[in-house]
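Asks: Any chance you could fold what I've pasted below:
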Amino acid sequence: MGIIKKVTLTTLGLGTGVLGYLGASTSIVSPIPEDDPLWRSKSYTKYNSHRNPSTQDVCIKRIPLTKIKPELLEREGDLALEFCRGVWAGLGYRFQRAYLARKYHGPATASQLWTVNQLARSAYEPGTQLTDHFEVVEKTPSEVVVRCGDSPRNPNPRDSDGLFSIGAAVDRERGEAVLKLTSCLFISNNKVEGIQGPMPGWMEMLHRWYARLWMETGSWRKQGLNSQASGVLCGRTQQNSGIPENTSTQCDTDSLNCQCLPQPTAQVSFLTSPILNMPSISGHNLLIIGGSAGIGAAVAKLAAADGVNVAIASSNPDRIEKTIKAIKDALPMKAINISGFVCDVSHNDAEDRLEKLLTDVTAALGDKPIKGLAILAGWATALTGFARSLAVEIAPIRVNLVSPGSTDTDHHGPPEVRIPKMAAVAKASLLGKVGTAEDVAEAYIYLMKDSNCTGSTVSTEGGSLLQ
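Replies: Sure thing, here's the model as predicted:
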């Protein structure tokens with residue numbers, strides 16, 4: 001299965017990096033062009049009979065045909081279908097799928113698509129219903145159109161409605177595959193005056209970044225790109241969850257009771273530290289995506305010292321090996337368990353573990369804006385709100401943020417470049433110094449240990465926000 005020949009995850013270190021990558025690798029067109037087939041489709045005529053204003057955009061990604069699996073270019077329709085499968089079975093939809101499954105899966109919705117394998121194998125014929133939130137209403141060789149906004153069990157006009165088109169075409173002249181995600185969201189149960197769509201500006205911005213995420217992770221099934229992913233740390237707090245050494249994680253994707261989905265009856269046992277009244281994380285399992293350098297490597301070292309079973313995922317096998325050796329050499333008296341693997345997310349099982357704790361990295365730009373970085377400041381603020389909302393929606397999974405200031409790592413360049421730069425940054429710090437990767441890593445360890453912490457942001461920026 002899959003469209004991409006081979007895909008590997010690489011490190012970006014900070015959340016700003018992954019947003020920069022998504023912004024560079026995808027483009028957004030808004031409004032939808034007048035000649036777009038959506039405007040002439042039967043579905044648009046049927047569901048937006050009042051011709052109400054809409055929140056609308058097209059997310060586009062171009063991929064060289066040399067990176068597309070050749071068999072998907074042999075028959076018309078295969079490319080679009082496999083991209084559609086990638087969107088719904090991909091990593092970008094995993095959290096929403098898990099949330100909807102916990103809330104709506106039951107006897108009344110058992111015939112719908114819920115598991116990763118179902119989503120990865122469906123033919124997406126009209127009438128197919130997904131996770132009690134989407135229904136396929138049209139299918140052509142170049143696109144699959146789904147209705148969204150409410151349960152497909154409600155066929156009537158709605159106060160939240162819309163169409164979402166997943167399409168793929170081949171541009172032979174440029175030698176590229178063109179992937180498109182088209183969104184048109186509207187109110188359909190009454191006439192709306194004016195030209196403003198139903199989403200406020202901030203929500204529209206988040207929607208577009210979400211579309212970019214779906215595009216990127218959906219395209220992993222088709223291409224051979226070295227796709228970059230954020231420095232997300234996922235730490236399972238359940239004992240004996242087992243991340244196999246030197247391999248991708250495994251999961252029973254055919255079952256809704258698999259470890260991918262949070263179970264409301266899950267029991268978590270903690271050992272109380274004799275020194276600090278904090279739960280021990282010894283024996284727990286931690287997967288670090290992007291853990292072979294910088295902050296990720298520092299977290300791996302501290303976690304290993306605490307007895308955590310650490311797995312580092314990166315695209316660079318040499319750097320993984322060096323990092324593991326350095327950690328073992330630094331902890332010669334510890335019986336540590338640390339492994340690393342090159343993560344190939346073209347396989348479903350590499351993505352399938354929803355961990356009990358999700359910790360992301362955000363920047364402090366939202367609290368102290370810097371001239372010329374307005375877009376990043378807006379993103380940082382939006383990420384904080386998104387994390388807090390996600391903590392509410394997918395509880396008891398805990399979602400927290402780490403907000404570092406400038407951190408002295410090799411990402412800033414060689415010593416002759418890094419040292420003068422860090423000296424200038426230190427002057428803006430209340431403490432007169434620049435944080436280290438080890439300083440930031442302590443914040444992660446704290447969030448992993450504090451089982452009562454969710455929806456929170458831990459700042460570690462030397463007081464630079466106070467000046």
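Asks: Buried residues, the host helix or strand of residue 61. List them.
Replies: Assigned by DSSP states H and E, residue 61 belongs to strand 55-64. Within strand 55-64, the residues that qualify as buried are 55-61, 63, counting by 16 or more other C-beta atoms under 10 Å. All C-beta atoms are positioned from the backbone trio N, CA, C, and that covers glycine.
Asks: so how far is residue 340 from residue 315?
Replies: With distances taken as C-beta to C-beta, to the nearest Å, residue 315 is found 11 Å from residue 340.
Asks: contacting residues around the nearest residue to residue 466 once chain neighbours are set aside?
Replies: The spatially closest residue to residue 466, leaving aside those adjacent along the chain, is residue 430, at 5.4 Å (C-beta to C-beta, 6 or more residues apart in numbering). If you count contacts by C-beta atoms under 8 Å, 6 or more residues apart in numbering, residue 430 has them with 462-464, 466-467.
Asks: Any of these buried? List them.
Replies: Buried by 16+ other C-beta under 10 Å: 462, 464, out of those.
Asks: export the contacts of residue 430 to TSV and tack on secondary structure?
Replies: Rendered in TSV, the data for the contacts of residue 430 read as follows (DSSP: H, G, I helix; E, B strand; the rest coil):
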residue	secondary structure
462	coil
463	coil
464	helix
466	helix
467	coil
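Asks: Which stretches in the stretch 201-350 of the chain count as helices?
Replies: Ranges of helices within the stretch 201-350 of the chain are 201-219, 294-305, 317-330, based on DSSP state H, counting those that start in this stretch.
Asks: Equivalent analysis for the stretch 351-467 of the chain, please.
Replies: Counting by DSSP H, counting those that start in this stretch, the segments of the stretch 351-467 of the chain that form helices are 374-393, 415-426, 437-449.
Asks: so the residue positioned nearest the centre of the chain, which of the three states?
Replies: If you average the C-alpha coordinates of the chain and look for the closest C-alpha using C-alpha atoms, centre = their mean, you land on residue 92, 4.9 Å from that point. Per three-state DSSP, the secondary structure class of residue 92 is helix.
Asks: check contacts around the nearest residue to it once chain neighbours are set aside.
Replies: Distances taken as C-beta to C-beta, 6+ apart put residue 217 closest to residue 92, at 3.8 Å, once the chain neighbours are dropped. Each residue near residue 217 by C-beta under 8 Å, 6+ apart is listed here: 86-87, 90-93, 345.
Asks: Domain boundaries for the chain, per the record?
Replies: 27-222, 280-344, 347-466 (the TED database).
Asks: most neighbours per residue, which of those domains?
Replies: Mean neighbour counts were taken over the domains of the chain using mean count of other C-beta atoms under 10 Å, and the top value, a mean of 20, falls to domain 280-344.
Asks: mean confidence for that one?
Replies: Domain 280-344 comes out with an average pLDDT of 83.
Asks: part of a strand, is residue 179?
Replies: Yes. In this structure, residue 179 lies within a strand as judged by three-state DSSP.
Asks: OK, contacts around it?
Replies: Residue 179 neighbours (C-beta under 8 Å, 6+ apart): 60-63, 83, 167-168, 215, 218-219, 222.
Asks: What score does the nearest residue to it once chain neighbours are set aside have for pLDDT?
Replies: In space, residue 179 comes closest to residue 61 once its chain neighbours are excluded; the distance is 4.6 Å by C-beta to C-beta, 6+ apart. On the pLDDT scale, residue 61 is placed at 93.
Asks: what about residue 61, distance to residue 183?
Replies: Counting by C-beta to C-beta, the separation of residue 61 from residue 183 is 15 Å.
Asks: ok, now residue 300?
Replies: Taking C-beta to C-beta as the measure, residue 300 and residue 183 are separated by 38 Å.
Asks: follow-up on the earlier one: for the residue nearest to the centre of the chain, give its distance to residue 178.
Replies: Taking C-beta to C-beta as the measure, residue 92 falls 19 Å from residue 178.
Asks: and if you look at residue 155?
Replies: Plainly put, residue 155 is 33 Å away from residue 178 if you go by C-beta to C-beta.
Asks: ok, back up a step: if we take the contacts of residue 179, which one ends up nearest to residue 377?
Replies: Proximity to residue 377 was ranked across the contacts of residue 179 by C-beta to C-beta; first place goes to residue 215, at 23.9 Å.
Asks: quick one, what contacts the closest one?
Replies: Contact partners of residue 215, counting by C-beta under 8 Å, 6+ apart, are 26, 59, 61, 87, 179, 181.
Asks: Just flag the most distant two among these.
Replies: Among those, the pair separated by the greatest distance (C-beta to C-beta) is 26 and 87, at 13.0 Å.
Asks: Make a markdown table out of the helices of the stretch 351-467 of the chain and add mean pLDDT and distance to residue 324.
Replies: Formatted as a markdown table, the helices of the stretch 351-467 of the chain follow (pLDDT from 0 to 100; distance: least, C-beta to C-beta, whole Å):
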| stretch | mean pLDDT | distance to residue 324 |
| --- | --- | --- |
| helix 374-393 | 80 | 30 |
| helix 415-426 | 85 | 24 |
| helix 437-449 | 89 | 16 |
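Asks: want to throw those helices into CSV with distance to residue 45?
Replies: Compiled in CSV, these are given as follows (distance: least, C-beta to C-beta, whole Å):
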stretch, distance to residue 45
helix 374-393, 34
helix 415-426, 57
helix 437-449, 50
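Asks: Tell me which of these lies nearest to residue 193.
Replies: Distances from residue 193 to each of these were compared by C-beta to C-beta, and the smallest falls on helix 374-393, at 29.0 Å.
Asks: State the pLDDT value of the closest residue to residue 71 other than its chain neighbours.
Replies: Closest residue in space to residue 71, ignoring its immediate chain neighbours: residue 78 at 7.4 Å, by C-beta to C-beta, 6+ apart. Residue 78 is assigned a predicted lDDT (pLDDT) of 95.
Asks: again with residue 216
Replies: pLDDT, the model's per-residue confidence, is 84 for residue 216.
Asks: same check, this time on residue 38
Replies: The per-residue pLDDT reported for residue 38 equals 92.
Asks: remind me which residues of the stretch 1-150 of the chain are low pLDDT?
Replies: 1-25 (pLDDT under 70).
Asks: Strands along that one, start to end?
Replies: Secondary structure of the stretch 1-150 of the chain (DSSP state E, counting those that start in this stretch): strands at 27-29, 55-64, 129-130, 134-140, 143-148.
Asks: residues touching residue 462, list them.
Replies: Applying C-beta under 8 Å, 6+ apart, one finds that residue 462 lies in contact with 405, 429-431, 433-435.
Asks: circling back to that earlier point, roughly how far is the strand holding residue 61 from the heart of the chain?
Replies: Relative to its chain's centre, strand 55-64 lies at 18 Å (C-alpha atoms, centre = their mean, to the nearest Å).
Asks: Report the strands that pair with it, each with its relative direction.
Replies: Within its sheet, strand 55-64 is paired with strand 27-29 (antiparallel), strand 176-186 (antiparallel), according to DSSP bridges.
Asks: Let me have the contacts of residue 217 in a markdown table, extended by distance to residue 40.
Replies: Output for those, formatted as a markdown table (distance: C-beta to C-beta, whole Å):
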| residue | distance to residue 40 |
| --- | --- |
| 86 | 27 |
| 87 | 23 |
| 90 | 29 |
| 91 | 33 |
| 92 | 29 |
| 93 | 28 |
| 345 | 36 |
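Asks: I am finished for the moment; much appreciated.
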